[in-house]
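Asks: pasting the structure only:
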């Protein structure tokens, strides 16, 4: 009977473990990336241009110094821009058309055709001006922004050369494309969300494997060992991380360190022991989307089969803080408004909250409404004043401090999960953690 049970457990683990077979090869990925881009250009961009009031959007980049927005538009077979690449989008709202042009020597993949014949017009800037004069836009959006780094991709040299070439009557029509650029970065399509759910599942499977006896032998394995295992696992799967994984430990008889401990101040040789509360921060990149996930595991003591009740109750408080935050997601509310309301409600319920939720998507720390920072619980100027829009994804990142009388100290319940805000409200992209991952102290 014991042998049969072990066989069943091994079979179940094999079914849920992650292998390279579940990851698309490069050609398959390219097909999906280009298909997602096609949908975005055809269905997302026209609406966002109308919403922003910008009828011409001009993006200018040079190879290896790409505008962060233009980089998200690159065809799957382009890893960088080529020479100087200029994209022009003109929205004719009256006729419900969108003109997509590349003032470049090559087609910009299959979605955007080139609009510059160097033999007929040797000067690239003059060709751009010809296009502007043809369409006579009311507003010319350029990517410069004070508060959103991703929307601030136009470099000074390109700006200066463009302005020098642009007739004065059009210079007064130049505006910041901040709202349009942020909207492009933050808005997700149903097709993207289909793949996003798969991506989050891959992320959680890697964490589940990392926080198991396959990787951790209590009393021997260090937190750094687990970090490097996670990093190598991602590489072996043919994926990438957008930041180095972190793993940290909280345990009895030790004071709660500062917030930076989990990210930069923890000792590299910290050995994971029975009775430890283990936390990770981990994210991967796949199909031009990113995850950002923090989860918790408990290392069972030799006589334990489940985590102690006081830790279970602490995790429940972390989940409650998640609920408070996400219940305050409403169209048009700014990040600062959501933060203030959520913190006030959580404190009224007796929690000790800290909220630092950020947009997630084509970048890990993406553009959109910032809902607090760990060192800015009073709000964030600029990015925190941006409103919440539907069809956007967030890393629901926060913690609540809980006093554990059995340990005679505070612990910090740190959680982070990908969440989607759509027309029907908020939902987690692929569930959330409500129970500790368990690590045996007697691996066999």
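Replies: Yes, it's here. All figures in this text were calculated on a predicted structure; none of them were measured in a lab. Residues are numbered from 1 along each chain as shown.
Asks: the stretch 151-300 of the chain: strands as residue ranges?
Replies: Ranges of strands in the stretch 151-300 of the chain, per DSSP state E, counting those that start in this stretch, are 174-176, 240-241, 246-250, 277-282, 284-286, 289-290, 293-299.
Asks: residue ranges with poor pLDDT in the chain?
Replies: 1-21, 254-268, 444 (pLDDT under 70).
Asks: would you mark the buried spots in the longest helix along it?
Replies: Using DSSP state H to define each element, the chain has its longest helix at helix 190-210. Of the residues in helix 190-210, 192, 195-196, 198-210 count as buried by neighbour count, 16 or more other Cβ atoms under 10 Å. Using the backbone N, CA and C atoms, a C-beta is placed for each residue, glycine as well.
Asks: likewise stretch 436-444?
Replies: Those would be 436-441, for stretch 436-444 by 16+ other Cβ under 10 Å.
Asks: so what touches that stretch?
Replies: For stretch 436-444, the surrounding residues in contact (Cβ atoms under 8 Å, 6 or more residues apart in numbering) are 207-208, 211-213, 216-219, 272, 274, 278, 295-302, 304, 306-307, 311-312, 315.
Asks: before we move on, the earlier item: let's have the buried residues of stretch 436-444 in TSV, adding distance to residue 26 and secondary structure.
Replies: Output for the buried residues of stretch 436-444, formatted as TSV (distance: Cβ to Cβ, whole Å; DSSP: H, G, I helix; E, B strand; the rest coil):
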residue	distance to residue 26	secondary structure
436	37	coil
437	32	strand
438	37	strand
439	35	strand
440	38	coil
441	42	coil
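Asks: which of the residues in stretch 107-125 are classified as buried?
Replies: In stretch 107-125, counting by 16+ other Cβ under 10 Å, buried: 108-109, 111-112, 115-116, 124-125.
Asks: typed the wrong thing, it's stretch 128-144
Replies: Result for stretch 128-144 [16+ other Cβ under 10 Å]: buried residues 128-129, 131-132, 135, 137, 139-144.
Asks: next: stretch 172-181.
Replies: 173-181.
Asks: apart from its neighbours in sequence, what residue is nearest residue 165?
Replies: residue 125 (3.7 Å; Cβ to Cβ, 6 or more residues apart in numbering).
Asks: can you tell me the helix or strand for the one you found?
Replies: Per DSSP states H and E, residue 125 falls inside helix 124-135.
Asks: can you give me the helices in this protein?
Replies: Using DSSP H, helices in the chain cover 2-16, 26-39, 45-52, 68-73, 124-135, 156-165, 168-171, 178-186, 190-210, 223-236, 309-327, 335-348.
Asks: so which of those gets nearest residue 291?
Replies: helix 190-210 (4.3 Å; Cβ to Cβ).
Asks: between the closest one and helix 223-236, how big is the angle?
Replies: Taking axes from the mean of the first three to the mean of the last three Cα atoms, to 10 degrees, one finds that helix 190-210 is oriented at 140 degrees with respect to helix 223-236.
Asks: farthest pair in the buried residues of stretch 128-144?
Replies: 135 and 144 (21.3 Å).
Asks: and the chain, what are its domains?
Replies: 26-185, 188-439 (automatic domain parsing).
Asks: measure the first one end to end?
Replies: Taking Cα to Cα, to the nearest Å as the measure, domain 26-185 stretches 23 Å from start to finish.
Asks: do the same with the last one
Replies: From the first residue to the last, domain 188-439 extends over 36 Å; the measure is Cα to Cα.
Asks: hey, what's residue 281 bridged with?
Replies: residue 246, residue 294 (DSSP bridges).
Asks: what's the neighbour count on it?
Replies: By the criterion of other Cβ atoms under 10 Å, residue 281 has 20 neighbours.
Asks: when you give positions from now on, start the count at 43
Replies: Sure thing, new numbering starts at 43, so read that last one as residue 323.
Asks: give the full set of residues in contact with it.
Replies: 285, 287-288, 304-305, 334-336, 456, 458.
Asks: can you turn the buried part of the residues you listed into a PyMOL selection?
Replies: PyMOL command restricting those to the buried ones, with burial defined by 16+ other Cβ under 10 Å:
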select buried, resi 287+288+304+334+335+336+456+458
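Asks: quick one: which of the buried residues of stretch 149-167 is nearest to residue 408?
Replies: residue 153 (21.8 Å).
Asks: might one say that the closest one is in contact with residue 82?
Replies: No: using Cβ atoms under 8 Å, residue 153 is not in contact with residue 82, being 9.0 Å away.
Asks: and which of the buried residues of stretch 478-486 is nearest residue 100?
Replies: residue 479 (48.7 Å).
Asks: from residue 409, how far off is that closest one?
Replies: Plainly put, residue 479 is 32 Å away from residue 409 if you go by Cβ to Cβ, to the nearest Å.
Asks: repeat that for residue 129.
Replies: 18 Å.
Asks: which of those two has more neighbours?
Replies: Legend: neighbour count by other Cβ under 10 Å for residue 129 and residue 409, higher for residue 409 (27 against 22).
Asks: got the contact list for that one?
Replies: When contacts are counted by Cβ under 8 Å, 6+ apart, residue 409 is found next to 190, 192-193, 223-224, 227-228, 401, 425.
Asks: how about JSON lines for these, with distance to residue 135 added?
Replies: What follows is the contacts of residue 409, written out as JSON lines (distance: Cβ to Cβ, whole Å):
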{"residue": "190", "distance to residue 135": "25"}
{"residue": "192", "distance to residue 135": "26"}
{"residue": "193", "distance to residue 135": "22"}
{"residue": "223", "distance to residue 135": "19"}
{"residue": "224", "distance to residue 135": "20"}
{"residue": "227", "distance to residue 135": "22"}
{"residue": "228", "distance to residue 135": "22"}
{"residue": "401", "distance to residue 135": "27"}
{"residue": "425", "distance to residue 135": "29"}
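Asks: shouldn't residue 403 be in contact with residue 230?
Replies: Yes: assessed by Cβ under 8 Å, residue 403 is found in contact with residue 230 at 6.4 Å.
Asks: joint contacts of those two?
Replies: What both residue 403 and residue 230 touch, as defined by Cβ under 8 Å, 6+ apart, is the set 434-435.
Asks: surely residue 371 is in contact with residue 468?
Replies: Yes: judged on Cβ under 8 Å, residue 371 makes contact with residue 468 at a distance of 4.8 Å.
Asks: still on that earlier bit, the helix holding residue 167 vs helix 198-207, what angle?
Replies: Using the same axes, to 10 degrees, helix 166-177 lies at 60 degrees relative to helix 198-207.
Asks: no further questions, thank you.
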